[in-house]
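Visitor: Only the shape, not the letters, is given here:
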């Protein structure tokens with residue numbers, strides 16, 4: 001790899017088959033003020049890599065790497081991060097295609113500068129899509145104006161028992177960090193380890209998570225994500241994709257979408273139990289900013 005290792009801040013992640021949202025994710029993280037956004041495409045077949053390549057031609061801050069090897073997220077992303085952190089102290093924002101950090105680099109740098117910490121463990125908020133969105137469209141993201149309240153507890157049991165829905169799970173915190181030297185990243189970027197690390201639970205910065213952008217995403221998680229993850233799964237990990245496989249095999253797609261999307265009254269329906277989702281426009285406003293930036297740069301937001 002020939003990466004620009006003199007930079008002071010990067011956003012990076014590995015993606016696959018997310019052509020509906022990847023342009024928004026890339027532009028959003030560049031708008032945070034990173035010096036470079038590095039995206040590793042893991043064998044997409046839906047036009048994601050082609051779209052990223054088009055965007056990179058117009059946006060020098062975007063570096064696209066094609067790596068269709070077996071899905072080993074922590075190792076692949078960690079190797080890219082180490083190209084930078086071994087060269088110089090670097091602020092790192094790890095992200096997945098469905099994550100949108102509320103963490104401007106200037107504020108991050110100031111926070112790290114005045115605190116005796118270099119790892120921030122931050123809250124993840126799950127945003128919820130309208131039930132009307134069965135397939136992603138040009139503006140379907142504008143309907144994601146509500147979010148779930150996280151429910152503490154053993155998530156796999158609560159979801160399998162239909163006590164809560166997937167979007168109500170208390171998601172593990174994710175990390176932002178300021179590192180120098182070699183780092184070891186955990187799957188999902190839920191933890192990081194390096195020499196001299198000092199961690200803080202931080203509520204100043206937050207990760208907006210948009211996991212189920214349409215009804216179609218349920219099938220994708222079951223039949224695209226799960227086969228890649230299964231060979232490398234550790235006990236108890238990535239239970240969500242197994243759950244969706246089982247639900248779809250039982251012909252429960254409609255029930256699962258009702259449980260994980262809100263109706264015209266703003267309510268999800270978890271197998272007969274209805275709960276109202278909170279109004280929250282923050283994600284839509286971030287996506288709108290990314291969309292406007294794309295229009296300004298004349299960048300396609302989705303494959304033609």
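Guide: Structure's in. What do you need? Just so we're clear, the structure is a prediction, and the values are computed from it rather than from any experiment.
Visitor: from here on, contacts and neighbour counts on C-alpha atoms
Guide: OK.
Visitor: Can you report how many residues lie near residue 304?
Guide: 6 (other Cα atoms under 10 Å).
Visitor: try residue 210
Guide: Residue 210 - counted by other Cα under 10 Å - has 21 other residues nearby.
Visitor: Thought residue 128 was touching it, still the case?
Guide: Yes: in this structure residue 210 lies within contact range of residue 128 using Cα atoms under 8 Å: 6.9 Å.
Visitor: Roughly how far does the residue nearest to residue 163 when sequence neighbours are not counted sit from residue 141?
Guide: Nearest residue to residue 163, sequence neighbours excluded (Cα to Cα, 6 or more residues apart in numbering): residue 270, at 7.4 Å. For residue 270, the distance to residue 141 (Cα to Cα, to the nearest Å) stands at 22 Å.
Visitor: try residue 298
Guide: 19 Å.
Visitor: Who has more neighbours out of these two?
Guide: Remark: of residue 298 and residue 141, residue 141 carries more neighbours, 22 against 11, as counted by other Cα under 10 Å.
Visitor: Let me know whether my guess that the more buried one is in a strand holds.
Guide: No: counting by DSSP: H, G, I helix; E, B strand; the rest coil, residue 141 falls outside a strand, being helix.
Visitor: Now do residue 189, the pLDDT please.
Guide: What the model reports for residue 189 is a pLDDT of 78.
Visitor: Let me see the backbone angles for it.
Guide: Backbone torsions of residue 189, given as degrees, to the nearest 10, read phi 60, psi 40.
Visitor: what's the distance between it and residue 94?
Guide: 7 Å.
Visitor: Now the common contact residues for the two.
Guide: Listed contacts common to residue 189 and residue 94 are residue 175; contacts here mean Cα atoms under 8 Å, 6 or more residues apart in numbering.
Visitor: Show me where the stretch 51-200 of the chain dips below the pLDDT cut-off.
Guide: Residues of the stretch 51-200 of the chain meeting the criterion pLDDT under 70: none.
Visitor: for it, what spans make up the helices?
Guide: Taking DSSP state H, counting those that start in this stretch to define them, one finds helices in the stretch 51-200 of the chain at 73-85, 105-114, 155-160.
Visitor: same for the longest one, what does it pack against?
Guide: When you say that, I think you mean helix 73-85. strand 9-15, strand 183-185 (3 or more Cα pairs under 8 Å, 6 or more residues apart in numbering; DSSP states H and E).
Visitor: buried residues in the helix or strand that contains residue 248?
Guide: Assigned by DSSP states H and E, residue 248 belongs to helix 239-249. Across helix 239-249, burial judged by 16 or more other Cα atoms under 10 Å covers 240, 241, 242, 243, 244, 245, 247, 248.
Visitor: ok, now how distant is the fifth one from residue 52?
Guide: Going from residue 244 to residue 52 by Cα to Cα gives 28 Å.
Visitor: Over to the second one?
Guide: According to Cα to Cα, residue 241 and residue 52 sit 26 Å apart.
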